[in-house]
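Asks: Kindly generate the corresponding structure for this input.
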Amino acid sequence: MAIAQPGQAARTRISAVTAAASRWQAGGGARSLGSMQLRPNHVPVRDMAWMAHKLASAATAGLSLPRTLEIISQQKPRSALAPIMQDISGRVLAGDSLSHAFGMHEKALGAVTVAMIRAGETSGTLPASLERLADMMDNKRDLQQLLRTAMIYPALSITFVLGISLFLLIVIVPKFQVFFNELNGHLPALTQVLVDVSNAIRGHVWAVPLVLALIVAAVIWVRNNPTAKQQWDRLTISLPIIGGLLRAAILARVAVTLSTLQAAGLGAQDTFTMAASVAGNSEYANALLETRRLMLQEGLGMSTALNSTGKLYQELALAVQAGEDSGNTVDSLARFAKEQDLYVKTLAKGLTASLEPMLILVLGAIVGTIVIAFYLPEYAMIRDIHP
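Replies: Have a look, this model is predicted:
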């Protein structure tokens, strides 16, 4: 691969690109929500997968990496990837290694990406390492989209039901209340409860933004408090249905990361550290770090160390043990990851299929209860007139 020799022009270009990247950050390139910063310069996984495929193709074809990096930045000018690729291109032109240039943006691109490129350069198998990285990013993107879809559907369903309920209580019930007041009598118990709930909600509308603000504050606190986050992570994987989906997704993510990094030739220290960083759950991450300690300090095999950390990785430990017995742990981990991917898809489809009739039943029960409450006073009035 042709890489230009360092020179004054290249160093000047690095300075210019770095300044452009700084201006991009100052202009709002960092993702934020209100005043809360969310991983500045973070590159979306779909862009990472696209970049990895481009680099793998260029490395396989023997094309100039600096030129490829520059083209990548030009093809996605509005992405967080653009200024990063421009800076990396300039550094490589100035004589930096590709891994060192990527390492300057490890926070945005991820430690796994940097480690894969470094392992490929060290072993002289950069094209193969980039192909593995691209495949891993594809897997991560697909899994992320699947989980997002599976989690968003219940959230939207609950929001829809709550929205319809509030609309009926705030808008529709008051209109009927005028008619109820003309009855000059006691309302049926169900109707009275409905009216009281409607009055309570309309009299405390100011509490809605307060509750939303408290929820946002609680989420921020949990994210920033290690103890609270660990408790939350433990709770989420214990939930019925959704907990099983999350556990399967974590196992798939960890297995494909371990398989990819081991195939690239990384040792247990780096492999398990990076697998812990992508687990997405502190319970599973801590178990991986304990596995690493048992392997490095006590000399245990991978399957034995995984089993020693408790029930979280028992399934993964069985797959690793099968690989150790056959002498091909990498392939065994890859097969396990594919099995978990299929299991996650099955669970996600089942979750969606089970929520649809549940949503219809809940919505029907709410609307039906309100309609019955509307007509009970009329029925009582007719009964009094014609006993």
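Asks: Tell me which residues of stretch 370-380 come out buried.
Replies: 370, 373-374, 376-377, 380 (16 or more other C-beta atoms under 10 Å). C-beta: built from backbone N, CA, C; applies to glycine.
Asks: Any idea how far that stretch is from the middle of the chain?
Replies: 47 Å (C-alpha atoms, centre = their mean, to the nearest Å).
Asks: domain parsing for this structure?
Replies: Domain ranges of the chain: 8-109, 138-387, per automatic domain parsing.
Asks: Work out the gap between stretch 360-378 and the centre of the chain.
Replies: 38 Å.
Asks: So what touches it?
Replies: Outside stretch 360-378, the residues that touch it by C-beta atoms under 8 Å, 6 or more residues apart in numbering are 160-161, 164-165, 168, 172-173, 176, 179-180, 183, 187-188, 190-191, 193-194.
Asks: switch to 6 Å and redo it
Replies: 161, 165, 168, 176, 180, 183, 187-188, 190-191, 194 (C-beta atoms under 6 Å, 6 or more residues apart in numbering).
Asks: Out of the residues you listed, which end up buried?
Replies: Buried among the contacts of stretch 360-378 (16+ other C-beta under 10 Å): 161, 165, 168, 176, 180, 187-188, 191, 194.
Asks: got a list of what the residue nearest the centre of the chain touches?
Replies: Nearest to the geometric centre of the chain sits Q144, at 5.5 Å (C-alpha atoms, centre = their mean). Applying C-beta under 6 Å, 6+ apart, we find Q144 in contact with V45.
Asks: Then I237?
Replies: Counting by C-beta under 6 Å, 6+ apart, I237 has contacts 243, 246-247.
Asks: again, but for Q262
Replies: When contacts are counted by C-beta under 6 Å, 6+ apart, Q262 touches 271, 330.
Asks: Pretty sure A319 sits against R335.
Replies: No: assessed by C-beta atoms under 6 Å, A319 is found out of contact with R335, at 7.2 Å.
Asks: Between those two, which is the more surrounded one?
Replies: A319 (25 against 16; other C-beta atoms under 10 Å).
Asks: And the pLDDT for that one?
Replies: In this model, A319 is scored at 90, pLDDT.
Asks: which residues touch it?
Replies: A319 touches 332, 336, counting by C-beta under 6 Å, 6+ apart.
Asks: for the one 4 residues further on, same thing?
Replies: Taking C-beta under 6 Å, 6+ apart as the contact definition, G323 lies against 329, 332.
Asks: The chain should start at 29 in everything you say after this.
Replies: In the new count, where the first residue is 29, that last one comes out as G351.
Asks: Please, which helix or strand holds it?
Replies: Taking DSSP states H and E as the definition, G351 sits inside helix 342-354.
Asks: buried ones in that helix?
Replies: Neighbour count says helix 342-354 has 343-345, 347-351 buried, by 16+ other C-beta under 10 Å.
Asks: Just name the closest of those to L375, please.
Replies: E343 (14.4 Å; C-beta to C-beta).
Asks: Just the local confidence number for the closest one, please.
Replies: Taking E343 on its own, its pLDDT is 88.
Asks: okay, now the residue nearest to it when sequence neighbours are not counted: neighbour count?
Replies: Nearest residue to E343 in three dimensions, chain neighbours excluded: L279, at 6.5 Å (C-beta to C-beta, 6 or more residues apart in numbering). By the criterion of other C-beta under 10 Å, L279 has 24 neighbours.
Asks: Please work out the average pLDDT along the helix or strand harbouring L279.
Replies: In this assignment (DSSP H and E), L279 forms part of helix 270-291. In this model, helix 270-291 carries a mean pLDDT of 87.
Asks: same thing with stretch 350-361?
Replies: For stretch 350-361, the mean pLDDT works out to 88.
Asks: Work out for me the element the closest residue to L316 other than its chain neighbours sits within.
Replies: The shortest distance from L316 to any non-neighbouring residue, by C-beta to C-beta, 6+ apart, is to A304 (4.1 Å). Here A304 sits within helix 296-306, counting by DSSP H and E.
Asks: Give the other helices and strands that the next helix or strand after that helix contacts.
Replies: Sequence-wise, the next helix or strand downstream of helix 296-306 (DSSP H and E) is helix 310-325. Contacts defined by 3 or more C-beta pairs under 6 Å, 6 or more residues apart in numbering; DSSP states H and E place helix 310-325 against helix 254-264, helix 296-306, helix 330-336.
Asks: All set now, cheers.
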